[in-house]
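**Q** what's the 3D shape of this:
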Amino acid sequence: MITLNIALHSNPRGKGFWKLNTSLLSEMRYVQEIKTAIESTVNQYKDDTSVNPALLWEMIKLKVREKSIPYAAYKNVTTRKREGMLECEITLL
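**A** Sure thing, here's the model as predicted:
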């Protein structure tokens with residue numbers, strides 16, 4: 001006799017890969033924030049001999065991500081508010 005057990009529960013999916021929204025690079029405020037984050041990260045680890053260039057690159061990417069996600073979320077909220085206000089004005093007209 002052969003018994004077959006099938007588990008229908010799969011592993012939960014994660015958020016996936018994060019990709020930089022390159023349209024943010026056209027905004028000077030964002031670019032300045034990213035430059036500051038990169039400079040501070042490099043300065044933080046420049047005297048640490050245990051940090052090799054590959055690890056430093058990963059830390060820079062982490063800091064860019066940490067700055068980019070909240071910035072993009074804030075931009076999205078303000079854009080939606082602006083669109084809502086414009087739609088209300090159009091409706092009133």
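
**Q** Can you get me the start-to-end distance on stretch 10-30?
**A** Taking CA to CA, to the nearest Å, the first and last residues of stretch 10-30 lie 39 Å apart.

**Q** buried sites along it?
**A** By neighbour count on 16 or more other CB atoms under 10 Å, the buried set for stretch 10-30 is 24, 30. C-betas here are computed from N, CA, C, even on glycine.

**Q** Same check on stretch 75-85?
**A** Here stretch 75-85 shows residue 75 as buried, counting by 16+ other CB under 10 Å.

**Q** Share the number of residues neighbouring the closest residue to residue 20 other than its chain neighbours, please.
**A** The shortest distance from residue 20 to any non-neighbouring residue, by CB to CB, 6 or more residues apart in numbering, is to residue 68 (6.2 Å). By the criterion of other CB atoms under 10 Å, residue 68 has 19 neighbours.

**Q** List the contacts of residue 68.
**A** By CB atoms under 8 Å, 6 or more residues apart in numbering, the contact set of residue 68 is 20, 21, 24, 30, 34.

**Q** could you give the mean pLDDT of the longest helix anywhere in the chain?
**A** Longest helix in the chain, counting residues (DSSP state H): helix 53-92. Mean pLDDT, helix 53-92: 94.

**Q** Flag every buried residue along that helix.
**A** For helix 53-92, by 16+ other CB under 10 Å, it's 56, 59, 60, 63, 64, 67, 68, 71, 75.

**Q** Point to the residue nearest the middle of the protein.
**A** Nearest to the geometric centre of the chain sits residue 69, at 3.3 Å (CA atoms, centre = their mean).

**Q** From residue 47, how far off is it?
**A** As judged by CB to CB, to the nearest Å, residue 69 and residue 47 stand 29 Å apart.

**Q** Repeat that for residue 86.
**A** Distance from residue 86 to residue 47, by CB to CB: 51 Å.
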